[in-house]
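Visitor: quick one: sequence and predicted model below, then my questions.
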Number of protein chains: 2
Amino acid sequence: MPLLAKNDVLAKILAASRDDLAAYEHLATEELEILIDAGRMVLLANPAHPDVLPTLIGQPGRIKINANIGTSPFICEPGLEIEKLKAAEAAGADTIMDLSTAGDLDAIRRAMLAASRLPLGTVPIYAVAQKHANAGGDPADFSAAELLEEIAKQAEQGVDFMTLHAGVTVRAAALAGEGRRVLGIVSRGGSILSRWMRKHDRENPLLENYARILDICRRHNVVISLGDGLRPGAGADAGDAAQWEEVVNLGELTLTAWEAGVQVMIEGPGHVPLHLIASQIQAAKRLTHFAPLYVLGPLATDAAPGRDHISGAIGGALGAYHGADFLCYLTPAEHLTLPDLSDTHEGVIASRIAAQCAEAALGRPWAVARERNISEARAALDWEAMAVAALDPQIVRRRRQSHSHEKECAMCGKLCAIKMKEL
Amino acid sequence: MPLLAKNDVLAKILAASRDDLAAYEHLATEELEILIDAGRMVLLANPAHPDVLPTLIGQPGRIKINANIGTSPFICEPGLEIEKLKAAEAAGADTIMDLSTAGDLDAIRRAMLAASRLPLGTVPIYAVAQKHANAGGDPADFSAAELLEEIAKQAEQGVDFMTLHAGVTVRAAALAGEGRRVLGIVSRGGSILSRWMRKHDRENPLLENYARILDICRRHNVVISLGDGLRPGAGADAGDAAQWEEVVNLGELTLTAWEAGVQVMIEGPGHVPLHLIASQIQAAKRLTHFAPLYVLGPLATDAAPGRDHISGAIGGALGAYHGADFLCYLTPAEHLTLPDLSDTHEGVIASRIAAQCAEAALGRPWAVARERNISEARAALDWEAMAVAALDPQIVRRRRQSHSHEKECAMCGKLCAIKMKEL
């Protein structure tokens, strides 16, 4: 199933960017081809996205960070979303997802595509559900044809990757049904599809029309991010039958996509207690044939709303160390409200801390060098070199402002351990 | 080596508080006695500390959190330190350490003992080193007698636990010497003792006078926190010969203390890469005979100054899951300056998140119940119940303020997954 031979658009993008990509990922160009062909790495870049920066996702390349932004019915300021996009990029995000569900969604998406060189992802079902909800109808009133049209339109607009919850089957959703979970279905896409299937008494429209979707995605090199519509929303639900039934489905959908020359990522949990993270990541990777795994957190505790960037960094560090390839940020606003600009920054940095922990532990050369550089700067009490090596240079400079005339840090002063050796 | 039979003061405190302690720790009273006798759990409470809350440290009891506060030569506001003490207690800290190195240290310590029911810890060597540094001399000019006097005085004042770096021997310090580490000795106490040993050409005064120190500590039930003066200050230094040489020494010192009827905790690293945390915790626990392990972080990356509470929460969650008993907080100010009030709060909460992740994974009943409660509150969209179950209720209420009239969260609005099931 060599993907490149089946996907001209992808092959062309890779040919044009392969040297830059190889240098950035510290991998040989031959290795990139092998990994993309095997589906272990995906190359995000829709040729219709102006000036997009082709971006690889998949270890042993760099672990990537996604930042979710977008309007909601309660907070709908498209200009602010563009500012968040810029803040996320400045903080070091590798991709952006537009999860807008209010306002002129086409205009917002086009503005984001124009504003960002980073690959942009979307969840097309939001647009069709929101259209019907806004018209006073049921979010699940849309037709399969409308959903396909939306996917095709967004592919033409330049969207680089799309979350499609094609694994939420009638059978899988039933396993997450009444009385089986503490928190039921918490994925918006998963819950809309579950509602749609019950309302229309039909199988998942993304699954029934998968061949047509693959055709669209191949033509535009849209990477399918197979959504985890049944991901656990509580640690107590982690690893239940619904979750694994969906993962098994995603594994099958992955093989079908590869057969059709379409690149695939897998979305993973979610809320997962600490002791289950390693086994869940390993099992999900195996069942989905080692396609890149894109995790939301995972959150290692449910109990820290207001600080879910920390709960997510704990789970993300461990998850990435055990094989997750792509970390979706969590911000301090998660579970409470939409992130503001500061939340966006904090979320990206927390995810980068998680990735750095994992990559340093895995011995990745860029991560090991960063650890070494900052430690050597500390040994020299060289504050500017510390800032340069830090994941967030600005906060180092800001907190040192009132101490700029002091060589030691204000914690130890004269009892500085570093200076104590100068006898 | 049943400790209780050798330590009347300890036995008396336990007798008076055993029922409350057992209820709080979800352990049978007989189990507490067995664990304290075996040195696996310590009971912090110096009878001279007015109204001290006797506090147990050691799993399978609750993982405890310490907050470091105290003045420094660059920021010396004793009143602010009392405010930090209150902020740490309000955020859920279990103990406080006074690391002050500027101002009237006796007055500051007495004020903290009076202000806090939480057990108070200190590092007595700071006081004697600072006295000589302030007088224009070398911090290492103090005599062994001065150090012993300081320890005795603080024990009489009511200090509940003291960090004593008795394991920093000439041999161990040499293993961390020039050219052997990226970052040398980063513990203040360790660096002062190393300097003292070189300057006076003598062995560690805490080691040479250990029997007298044990006598003082037993009489006041001061728990010795055997300091990790040679802890790694960089991931690159983690697990080197100096670190383990000291841990071996601490194991011997633990046995000697138990023989003398004195309770002991062990201080652990430090900066430890993610993949080494489990093995380091396990080895340290074994070499120190399963005495409670008190870790600073560990920091799973060096590269996030300004956000070390996150790096520390990642390492702390994993460390506690693998057996660490007591987490010293790290604040966003770590490595840069003294924490302010907000940093103190953030540091305690981040450590509590780490402890919650570990305890939920270990199946501790109080932690599992908290996870369950918050998830059920989410299923009911009951925001106040979420706040009550959250580790930081205030931030939940604060961030929901502008949404108090809305049932759903502002992220999803009409597309709320929880409400999507209501067909």
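Guide: That came through, no problem. Numbering: from 1, shown residues only, chains lettered A, B, ... in the order given.
Visitor: quick one: the strands in the stretch 201-350 of chain A?
Guide: Along the stretch 201-350 of chain A, counting by DSSP state E, counting those that start in this stretch, strands occupy A:223-226, A:264-268, A:293-296, A:326-328.
Visitor: now render the ones you listed as TSV, adding mean pLDDT and distance to A:A5.
Guide: (Glycine included, C-beta is placed from N, CA and C.) Formatted as TSV, the strands of the stretch 201-350 of chain A follow (pLDDT from 0 to 100; distance: least, CB to CB, whole Å):
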stretch	mean pLDDT	distance to A:A5
strand A:223-226	98	17
strand A:264-268	97	16
strand A:293-296	98	25
strand A:326-328	98	25
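Visitor: in CSV: the ones you listed, plus mean neighbour count.
Guide: Shown next, in CSV, are the strands of the stretch 201-350 of chain A (neighbours: other CB atoms under 10 Å in any protein chain shown):
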stretch, mean neighbour count
strand A:223-226, 28
strand A:264-268, 27
strand A:293-296, 26
strand A:326-328, 27
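Visitor: how about the ones you listed in JSON lines, adding distance to chain B?
Guide: Formatted as JSON lines, the strands of the stretch 201-350 of chain A follow (distance: least, CB to the nearest CB, whole Å):
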{"stretch": "strand A:223-226", "distance to chain B": "18"}
{"stretch": "strand A:264-268", "distance to chain B": "15"}
{"stretch": "strand A:293-296", "distance to chain B": "13"}
{"stretch": "strand A:326-328", "distance to chain B": "13"}
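Visitor: mind listing what's buried along stretch A:369-384?
Guide: For stretch A:369-384, burial by neighbour count (16 or more other CB atoms under 10 Å in any protein chain shown) applies to A:370-379, A:383.
Visitor: out of these, which comes closest to chain B?
Guide: The shortest gap between chain B and any of these belongs to A:S375, at 3.6 Å (CB to the nearest CB).
Visitor: any weak-confidence spans in the stretch 251-400 of chain A?
Guide: For the stretch 251-400 of chain A, applying pLDDT under 70 flags no range at all.
Visitor: one step back: within reach of chain B, which of the buried residues of stretch A:369-384 are there?
Guide: Among those, the residues that sit close to chain B (CB under 8 Å from any CB of the partner chain) are A:370-372, A:374-376, A:378-379.
Visitor: tell me the contacts of the spatially closest residue to A:L274 that is not a sequence neighbour?
Guide: Spatial nearest neighbour of A:L274, chain neighbours left out: B:A361 (3.8 Å); criterion: CB to CB, 6 or more residues apart in numbering or on different chains. Counting by CB atoms under 8 Å, 6 or more residues apart in numbering or on different chains, B:A361 touches A:273-276, A:300, B:321.
Visitor: rerun that using 7 Å as the cut-off
Guide: Taking CB atoms under 7 Å, 6 or more residues apart in numbering or on different chains, we find B:A361 in contact with A:273-275, B:321.
Visitor: derive a ChimeraX selection command for the buried subset of these.
Guide: Those of the contacts of B:A361 that meet the burial criterion (16+ other CB under 10 Å) are gathered into one ChimeraX selection, given here:
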select /A:273,274,275 /B:321
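Visitor: outline the domain layout of chain A.
Guide: Domain assignment of chain A by automatic domain parsing yields the ranges A:4-362, A:366-421.
Visitor: endpoints of the longest one, how far apart?
Guide: Distance across domain A:4-362, first residue to last, is 29 Å (CA to CA, to the nearest Å).
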